[in-house]
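Enquirer: Sequence plus predicted model, see below.
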Amino acid sequence: MTIITTIHQALTDIGYPAQKVKTAQVRAISADVLAQCDALLEQGDWAYGVIAYDWAFRVRKHYTPDTFTTFERWLFTYVTDWNDCDDFCTHAFGELLRQYQHLFDHVLKWVEHPNFAVRRATAVILIYPINKNNYSQLDPLAVADLLQNDEHDLVQKGYGWMLKVLSKHDPETVINYLTQHHSTMTRTAFRYALEKLDKSTQQQLMAL
């Protein structure tokens, strides 16, 4: 049974569209979908996880601030590698943060987490809002500052990737950041961050 079939049946069961239904009823269906995602993630299998994160993204119109608690639990419990982190955070979790940017302070706390994939998520979760050019209440540079001394190369690549995406929307901010921090950033993060800048600027930065 596909997620569309599942949702369609649940909507039919509450009388939609023949009857007028309340938003709370529809959101209850969304919660049921997230519960099914939980069951998939509990299998501990990569393919089940891909399906779960995709299903979670498909019900994005029904996210609430409380969804953050569920998603954060998934992140802490089920995300153990970079591919899970990126799949989840560049779609479902990133969209949630785009919608509820006041939750950003909770994200910043992840930089202290013992799991490198969670620390990577601190940066990667911002990629979706930045790509949508909807991140006015988020602070990518604060994330870069906090992750600058992280020793894990996949965390370094994660925040370098975030800066690279930011450079497509606000190149001057990224250029200034790289100029100021070239001596303290790892070369891994530094090289990732400048990949989308023009060749001349790349050469100037690499010469620092």
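Expert: Noted; the coordinates are in hand.
Enquirer: residue ranges with poor pLDDT in this protein?
Expert: 1-4, 7, 26-27, 29-30 (pLDDT under 70).
Enquirer: So which residues of it form helices?
Expert: 3-13, 23-41, 46-58, 67-78, 82-89, 92-99, 104-108, 116-124, 127-131, 140-147, 153-169, 171-181, 187-193, 199-206 (DSSP state H).
Enquirer: Count the residues that sit near the closest residue to Asn115 other than its chain neighbours.
Expert: Leaving aside its sequence neighbours, Asn115 sits nearest to Thr80 (Cβ to Cβ, 6 or more residues apart in numbering; 7.0 Å). All C-beta atoms are positioned from the backbone trio N, CA, C, and that covers glycine. The number of residues packed near Thr80 is 14, by other Cβ atoms under 10 Å.
Enquirer: Please convert the helices of the chain to TSV, extending it with mean neighbour count.
Expert: Shown next, in TSV, are the helices of the chain (neighbours: other Cβ atoms under 10 Å):
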stretch	mean neighbour count
helix 3-13	13
helix 23-41	16
helix 46-58	18
helix 67-78	18
helix 82-89	22
helix 92-99	23
helix 104-108	15
helix 116-124	26
helix 127-131	21
helix 140-147	20
helix 153-169	22
helix 171-181	16
helix 187-193	19
helix 199-206	13
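Enquirer: No more questions from me, cheers.
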